[in-house]
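Enquirer: Requesting a structural model of the entry that follows:
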Amino acid sequence: MKKLNNKIKGFTLIELLVVIAIIGLLASMVLVAVSTARTKAKDVRIRADLSQLRTLAEAKASDSGAYTALVSADTGYDALVADITSQKAAPSFGISGTTKWCAGAALNSTAAPTTWCVDTDGWNKAGTCGAATGICS
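Expert: Residues are numbered from 1 along each chain as shown. Below is the predicted model:
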């Protein structure tokens, strides 16, 4: 009769440690990717809110003939500004008389500080809102 070997085989400690290290490395790469995606999503939301502010400004100026009516009650202005601020971006605004208006906010995902700006002339890209001129540059 042949004797059977009843020895149970398993993984060694080194093999288990290597697998745990690989899983930890992969998990850290996923967390970095998720964090980057979250920051970019905040920037997209800031851009969308600034575009909505521009649309709101155009509608109010069309109704009243001046951009100064934008900050009056019941315009939705406060809600949009609060949403931009909640994304950790401080909005800036500029009004020049009754004919020019701009808004800008800092984006989060860029290495160098970048401000996104929208104005009544159709500017919708990186730039600075001129407080006195109401124009992005």
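Enquirer: Same question for the helix or strand encompassing Ile84: list its buried residues.
Expert: Using DSSP states H and E, Ile84 sits within helix 77-86. Buried residues in helix 77-86, defined by neighbour count with 16 or more other CB atoms under 10 Å: 77, 80-81, 83-84. Any C-beta I mention is one placed from the backbone N, CA and C, and that applies to glycine too.
Enquirer: With stretch 95-110 instead?
Expert: Across stretch 95-110, burial judged by 16+ other CB under 10 Å covers 95-96, 100-108.
Enquirer: circling back to that earlier point, tilt between the very next helix or strand once past the helix holding Ile84 and helix 77-86?
Expert: On the C-terminal side of helix 77-86, the closest following helix or strand by DSSP H and E is strand 92-96. In terms of direction (axes from the mean of the first three to the mean of the last three CA atoms, to 10 degrees), strand 92-96 departs from helix 77-86 by 140 degrees.
Enquirer: What is the helix or strand just after strand 92-96 packed up against?
Expert: Following strand 92-96 in sequence order, the next helix or strand is strand 100-106 (DSSP H and E). On a contact count with 3 or more CB pairs under 8 Å, 6 or more residues apart in numbering; DSSP states H and E, strand 100-106 meets helix 13-64, strand 92-96, strand 115-119.
Enquirer: what lines up beside strand 100-106 in the sheet?
Expert: If you go by DSSP bridges, strand 100-106 pairs up with strand 92-96 (antiparallel), strand 115-119 (antiparallel).
Enquirer: Can I get it in PDB, CA atoms only?
Expert: Presented in PDB, the C-alpha positions along strand 100-106 are these (Å, rounded to 0.1, in the frame of the first residue of the first chain):
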ATOM      1  CA  LYS A 100     -20.800  95.900 -18.600                       C
ATOM      2  CA  TRP A 101     -20.700  93.000 -16.000                       C
ATOM      3  CA  CYS A 102     -18.300  90.200 -15.200                       C
ATOM      4  CA  ALA A 103     -17.800  87.400 -12.700                       C
ATOM      5  CA  GLY A 104     -14.800  85.300 -11.900                       C
ATOM      6  CA  ALA A 105     -13.800  82.500  -9.500                       C
ATOM      7  CA  ALA A 106     -10.600  80.600  -8.800                       C
END
